[in-house]
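Participant: Sequence and predicted model, in that order:
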Amino acid sequence: KSPHSTVTSASRDAAFFLVAGTINELLAFINPHQYAKYWGTVIGYYKNTRDRPFAAKMYHIYGELKKRADLFTDAEQAYLKALDIVQTIPEDTKVLTASIYDSLGSLYKKMNSFDSAKEMLQKALAMRIEIYGEHHEKTAVSYNNFGTLLSEMEEYQEALKYFEKALHILFAVPGTAKSVIATCYGNVGSTYKNLRMFDKAKEYTDLATENQRERLEVENLSTATFYNELGLQCKEKGHLVEAEEFYLKALRIRESILGEHHSSTASSYLNLSSLYRAMEYFEKAERFGKKALQVFLKAFGEKHSSTANAYSHLGALYLALGNSRKALETYEKASMIYNSIYGENHTATMQAKLNIANAYHHLAVAHLDSNRYDLAEQSLLQALETYKRLSNEKSLSAAAVYQNLGCLYRAQSKYDSAKTCLSQALDISQAINGLTHETTAAAYSALGKTYALCGDTATAGEYYKKALSIRIELYGDDHEKTRLVQD
């Protein structure tokens with residue numbers, strides 16, 4: 001900027017490459033909003049450059065900064081500008097083109113545009129195989145990236161094949177960073193967890209943790225990701241205080257680098273909200289959950305999986321607080337978003353609908369307690385229909401609904417309907433929990449009371465005796481539940 005200095009194009013280009021290289025190295029340390037603004041100014045200096053590959057690299061870096069700043073439309077425009085440049089020049093730019101395709105794939109995945117993400121990542125993988133061959137770290141990274149997309153699309157077995165290819169290459173390439181291997185191990189572990197193969201999931205999660213230890217040497221966004229993963233592991237083991245410690249470390253790093261209004265920071269807020277709900281610190285859980293939701297809404301809008309996740313977490317919190325109506329409202333928002341993104345057969349969508357059923361069930365119990373039988377019956381039947389369709393008519397959730405429906409009909413003197421529902425609850429409980437479980441005893445006791453009200457004391461006595469036998473075995477003679485049946 002000095003009027004007395006002379007800046008040649010060669011020295012300016014040298015400065016550009018120094019800064020560009022520094023930005024690539026520092027992406028884990030810097031606030032991308034700050035550098036995106038700066039880089040926009042730099043692009044202004046070069047907008048008329050005749051060095052087209054040089055200009056493409058600039059726009060690619062600009063896209064990376066915009067993506068990390070959650071400015072996805074700007075990032076897409078920058079990547080497409082870079083792609084347009086490399087496709088109109090004769091020079092060999094395959095390496096750069098593959099990187100742009102990979103970046104676009106990552107961006108579209110983050111935006112939940114899965115078909116576009118798949119197209120871009122496939123192009124990146126094909127080009128890297130052509131450039132480097134099968135046995136190169138860049139090719140392995142493409143295999144891993146494509147695997148993560150397939151995993152999110154619930155194509156788990158296919159995803160595992162790509163992760164296995166990536167790991168095979170990474171182990172064969174000398175000098176591969178442990179953090180790169182750890183990322184792939186972590187993705188394999190998450191996929192096995194989604195397949196409910198928990199032993200395999202633990203095996204690969206432990207391998208990921210072991211290979212990530214080197215990240216703790218310097219605090220950056222990669223360190224925050226590792227702390228977050230450690231927090232999740234502790235939470236799943238029930239070590240909630242340790243989980244809080246790791247989650248707060250991750251949050252501190254993300255807030256210091258990215259600020260409070262970034263999607264990665266919001267992910268930390270949501271993790272803490274879920275943890276505090278488990279710890280029954282409900283005020284903290286609600287505060288962090290609402291902060292996460294507001295950031296996701298600003299970053300992604302209403303129709304994004306991260307926004308749906310926040311609604312779902314808040315729904316679980318409101319259900320724990322006994323606010324069934326508010327839980328139902330937020331669960332329904334989550335369900336609509338998941339359905340629009342993934343379709344009705346995706347696990348996230350089906351789980352959201354089961355959450356709605358749970359909210360209806362809790363709402364029905366509240367109606368029962370206040371003798372609003374019509375509303376209670378309506379809510380119970382809605383819950384039961386969902387359990388039958390998405391879970392199993394013979395599930396314990398369905399059994400609980402049948403039990404409450406039976407008690408509802410008994411209170412209305414609809415004894416035949418009550419007997420039918422309570423018998424269903426008993427059959428399911430015996431099939432799943434066995435003959436000597438509390439739910440089985442509760443069903444026997446409810447049937448005993450129903451037959452007694454009908455005047456069939458002989459049958460009522462048989463059911464009460466069975467309930468009493470189970471509770472004596474479970475609790476002994478002096479327990480409150482045992483005495484209740486004795487009375």
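Facilitator: Nice, thanks for sending it over.

Participant: quick one, helices of the stretch 301-450 of the chain?
Facilitator: In the stretch 301-450 of the chain, helices defined by DSSP state H, counting those that start in this stretch lie at 305-320, 324-342, 347-369, 373-386, 396-411, 415-433, 438-453, listed in chain order.

Participant: would a markdown table of those helices with mean pLDDT, mean neighbour count and distance to Asp84 be doable?
Facilitator: To be clear about C-beta, it is placed using only N, CA and C from the backbone, and glycine gets the same treatment. Converted to a markdown table, the helices of the stretch 301-450 of the chain look like this (pLDDT from 0 to 100; neighbours: other CB atoms under 10 Å; distance: least, CB to CB, whole Å):
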| stretch | mean pLDDT | mean neighbour count | distance to Asp84 |
| --- | --- | --- | --- |
| helix 305-320 | 95 | 23 | 30 |
| helix 324-342 | 93 | 20 | 29 |
| helix 347-369 | 87 | 21 | 35 |
| helix 373-386 | 89 | 19 | 48 |
| helix 396-411 | 90 | 22 | 53 |
| helix 415-433 | 93 | 19 | 60 |
| helix 438-453 | 93 | 22 | 64 |
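
Participant: quick one, what contacts Tyr185?
Facilitator: Counting by CB atoms under 8 Å, 6 or more residues apart in numbering, Tyr185 touches 167, 204-205, 207-208, 211.

Participant: Next, the angle from whichever strand or helix holds it to helix 347-369.
Facilitator: Assessed by DSSP states H and E, Tyr185 sits inside helix 178-194. Interaxial angle of helix 178-194 relative to helix 347-369 (axes from the mean of the first three to the mean of the last three CA atoms, to 10 degrees): 50 degrees.

Participant: Flag every buried residue along helix 178-194.
Facilitator: For helix 178-194, a neighbour-count test (16 or more other CB atoms under 10 Å) marks 178-193 as buried.

Participant: what's the closest of those residues to Tyr373?
Facilitator: Comparing the buried residues of helix 178-194 against Tyr373 with CB to CB picks out Lys193 as the nearest, at 42.3 Å.

Participant: and that closest one, what does it touch?
Facilitator: 201, 205.

Participant: What spatial separation is found between it and Met58?
Facilitator: 40 Å (CB to CB, to the nearest Å).

Participant: Flag whichever of the contacts of Tyr185 scores worst on pLDDT.
Facilitator: Within those, Asn211 has the lowest pLDDT, namely 77.

Participant: That one - nearest residue in space that isn't next to it in sequence?
Facilitator: Excluding its sequence neighbours, the residue lying closest to Asn211 (CB to CB, 6 or more residues apart in numbering) is Ala182, at 3.7 Å.

Participant: hang on, the earlier thing: reformat the helices of the stretch 301-450 of the chain as CSV; add distance to Tyr276.
Facilitator: Listed next are these as CSV, based on distance: least, CB to CB, whole Å:
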stretch, distance to Tyr276
helix 305-320, 9
helix 324-342, 17
helix 347-369, 19
helix 373-386, 27
helix 396-411, 26
helix 415-433, 31
helix 438-453, 30
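
Participant: Glu260 is nearest to which of those?
Facilitator: Proximity to Glu260, assessed across those by CB to CB, is greatest for helix 305-320 (15.1 Å).

Participant: quick one, the closest one and helix 324-342 angle?
Facilitator: Relative orientation of helix 305-320 and helix 324-342, computed by the same axes, to 10 degrees: 160 degrees.

Participant: surely Lys394 meets Ser429?
Facilitator: No: the criterion here is CB atoms under 8 Å, and Lys394 misses it with Ser429 at 10.1 Å.

Participant: and the spatially most central residue of the chain, how far is that from Leu230?
Facilitator: Geometric centre of the chain, nearest residue: Asn309, 6.4 Å, by CA atoms, centre = their mean. Noted for Asn309: a distance of 20 Å to Leu230, by CB to CB.

Participant: Also Thr436?
Facilitator: Taking CB to CB as the measure, Thr436 and Leu230 are separated by 41 Å.

Participant: Those two: who's more crowded?
Facilitator: A direct count of neighbours by other CB atoms under 10 Å for Thr436 and Leu230 places Leu230 higher, at 20 against 13.

Participant: Any stretches of the stretch 151-300 of the chain with poor pLDDT?
Facilitator: Across the stretch 151-300 of the chain, residues meeting the criterion (pLDDT under 70) sit at 213-218.

Participant: ok, which stretches of it are helices?
Facilitator: All helices of the stretch 151-300 of the chain, identified by DSSP H, counting those that start in this stretch, fall at 156-172, 178-194, 198-212, 221-236, 240-258, 263-278, 282-300.

Participant: do you know which of those lies nearest Leu422?
Facilitator: Here helix 263-278 is closest among those (CB to CB), at 33.0 Å.

Participant: list the helices and strands the closest one packs on?
Facilitator: Secondary-structure packing of helix 263-278 (3 or more CB pairs under 8 Å, 6 or more residues apart in numbering; DSSP states H and E): helix 221-236, helix 240-258, helix 282-300, helix 305-320.
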